[in-house]
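Colleague: Return atomic coordinates for the entry below.
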Amino acid sequence: MKIIEYADREILAMQVADALASDLKNVLLTHDRASVALPGGTTPGPIFDILCGLDLGWDRVDVMLTDERWVPEDHAMSNTQLLRSRLLTGHAAAANLIPFYRPNMTVATGAAEAAETLAPFMPLSLLVLGMGADMHTASLFPGSKGLNDAFASDAALLCPIEVEGQEFGRVTLPAHALKGAMATHLVIFGDDKRDALERALSLPPEEAPIGAVLGKGTVHWAA
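Modeller: You can find the predicted model right below:
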């Protein structure tokens, strides 16, 4: 694991976007296509705003989320909506989005159907992760229903997750798919998350999922 510290969040966004662009260019030099898994939430938005303006051969890039709430794309809580509005515009509009949500299906049934479509995009060329102060990443939440299944070495490529107290079910890429990425970047802000990451490295996976999937990835941090 390598940690890079930035003077502020604006500089982080610019330099992380540049690092991701470099990774994508390198993959596309030697592969016909690149597969990218990205987080939702507010943290990556400024990075997406920069990345979408770069001409990277986006028509050869397959984009998916690391995880998603089981809601329609037009729902306010949809991470897919964030991708469409902040990343898949400008040059990046040419990228191929791989949606997870299946209308009129339960989380379990829809996840199983979507999982069957993901094998051609594995291993991931590029993975960007976020992390909560509780040390979750993607939708691998400590104590969540389905976490052990998502940690299994033979887990389906999309796993249903139920988090106590949350209104909507979730789906997530499993740990083995996240760990198998060719390049991994974690973006975190604030002292609380920096401290949480350091604690995670000495805790078991079920208590600190980020520690189980980060591997030799690069951590980008700003206060």
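Colleague: Am I right that Ile3 is in a strand?
Modeller: Yes. Applying DSSP: H, G, I helix; E, B strand; the rest coil, one finds Ile3 inside a strand.
Colleague: List the first helix or strand encountered after the least confident helix or strand in the chain by mean pLDDT toward the C-terminus.
Modeller: Here the helix or strand of the chain ranked lowest by mean pLDDT, DSSP states H and E is helix 79-82, holding a mean of 94. Going down the chain from helix 79-82, the next helix or strand is strand 96-97, by DSSP states H and E.
Colleague: and that following strand, what other elements does it pack with?
Modeller: Counting contacts by 3 or more Cβ pairs under 8 Å, 6 or more residues apart in numbering; DSSP states H and E, strand 96-97 packs against strand 61-65. No exception for glycine: its C-beta is placed from N, CA and C like everyone else's.
Colleague: chain center to the strand it packs on: distance?
Modeller: Taking Cα atoms, centre = their mean, to the nearest Å, one finds the center of strand 61-65 at 10 Å from the center of the full chain.
Colleague: With stretch 80-94 instead?
Modeller: The chain centroid and the centroid of stretch 80-94 are separated by 15 Å under Cα atoms, centre = their mean.
Colleague: buried set for it?
Modeller: By 16 or more other Cβ atoms under 10 Å, the buried positions in stretch 80-94 come out as 80-83, 86-88, 92.
Colleague: farthest-separated two in those?
Modeller: Using Cβ to Cβ, these span at most 15.2 Å, a distance reached by Gln81 and Ala92.
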